[in-house]
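Q: From the sequence below, what's the structure:
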Amino acid sequence: MARRLIPAFNRILVEKMLPPSKTNSGILLPEKTPKLNSGKVVAVGPGARDRDGKLVPVSLKEGDTVLLPEYGGTEVKLGEKEYLLYRDEDILGTLHD
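A: Next up, the predicted model:
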């Protein structure tokens with residue numbers, strides 16, 4: 001059983017963040033609340049090669065919080081956890097506090 005997955009080329013392994021089901025004060029939120037499709041970068045690949053053979057590194061690093069597209073990505077299950085695998089160019093942006 002694999003314990004750690006290192007993505008190939010310019011791929012990024014993301015753990016999807018689940019939105020909270022209740023507020024800090026304890027109010028339960030309905031399921032139809034608008035959700036931000038985001039996740040946390042768990043692992044990144046080394047990057048892709050350009051036409052000249054030079055390595056183009058991935059623009060993200062482990063621990064970044066990213067905005068994900070509504071559809072896409074490859075589902076990967078490692079142990080009990082589920083992850084999504086995206087290409088670097090498929091990530092919509094990074095989220096900062």
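Q: Tell me both backbone torsions, phi and psi, for the closest residue in space to residue 37 that isn't next to it in sequence.
A: Once flanking residues are discounted, residue 37 sits nearest to residue 68: 4.8 Å by CB to CB, 6 or more residues apart in numbering. C-betas here are computed from N, CA, C, even on glycine. Main-chain dihedrals, residue 68, degrees, to the nearest 10: phi -100, psi 150.
Q: Neighbours of residue 68, how many?
A: Using other CB atoms under 10 Å, the number of residues around residue 68 comes to 20.
Q: That one touches residue 95, doesn't it?
A: No - contact criterion CB atoms under 8 Å: residue 68 and residue 95 do not qualify, at 10.2 Å.
Q: Now for the two: what residues contact both?
A: Shared contacts of residue 68 and residue 95 (CB atoms under 8 Å, 6 or more residues apart in numbering): residue 38.
Q: And the residue nearest to residue 37, how close does it get to residue 41?
A: 11 Å (CB to CB, to the nearest Å).
Q: Distance check, residue 49 against residue 85.
A: Applying CB to CB to residue 49 and residue 85 gives a distance of 19 Å.
Q: who has more neighbours, those two?
A: residue 85 (19 against 12).
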